[in-house]
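>>> Could you look at this predicted model? Sequence included:
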Amino acid sequence: MDGYTSNTYIVVPMTDALSEPAYLVLTALAGPPQHGYAILADVRDLSRNDVTLHTGTLYAILDRLHRGGLVEIEREEVQQSRLRRYYRLTGAGVERLAAETERRQTQAKAAASRLRNLRTAGGTA
């Protein structure tokens, strides 16, 4: 094949990083157990209204976190003929939230340092 160049890429899945919505759901559950509506409100508050989850998105995230062993159903109640599930973090969820928080803080510090250096140099990239 003349003129054809093949590049080989190694793709490493980003299984260690949580999406922002999943991170905020775990953060919302870093307290007393909460049901879905309370989690939605807490995520909105934690993000200062930057993230508003739809219920379908929330339950998909909760399902993924539950399958991953990061959250569990603490109890179920029937209120006004509707099932209400209360979720809480597992020990693994606490550890994952702590690790993700540390990872994000490290990245934020690196970004802040570079911005400070850029501003001190008086220019933009």
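Cool, the structure landed. It should be emphasised that the depicted structure is a prediction, and the values quoted were computed from it without experimental measurement. Residues are numbered from 1 along each chain as shown.

>>> When you work out contacts or count neighbours from here on, use the C-alpha atoms and nothing else.
Noted.

>>> Centre of the chain to the helix or strand hosting Thr101, how far?
Element membership for Thr101 (DSSP states H and E) is helix 91-120. Distance, stretch centre to chain centre, for helix 91-120: 14 Å (Cα atoms, centre = their mean, to the nearest Å).

>>> How about it, which residues are buried there?
Buried positions in helix 91-120, judged by neighbour count with 16 or more other Cα atoms under 10 Å: Gly93, Val94, Arg96, Leu97, Glu100.

>>> Quick one: these as a markdown table, columns for pLDDT and distance to Leu70 too.
What follows is these, written out as a markdown table (pLDDT from 0 to 100; distance: Cα to Cα, whole Å):
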| residue | pLDDT | distance to Leu70 |
| --- | --- | --- |
| Gly93 | 96 | 4 |
| Val94 | 96 | 8 |
| Arg96 | 96 | 8 |
| Leu97 | 96 | 9 |
| Glu100 | 95 | 13 |
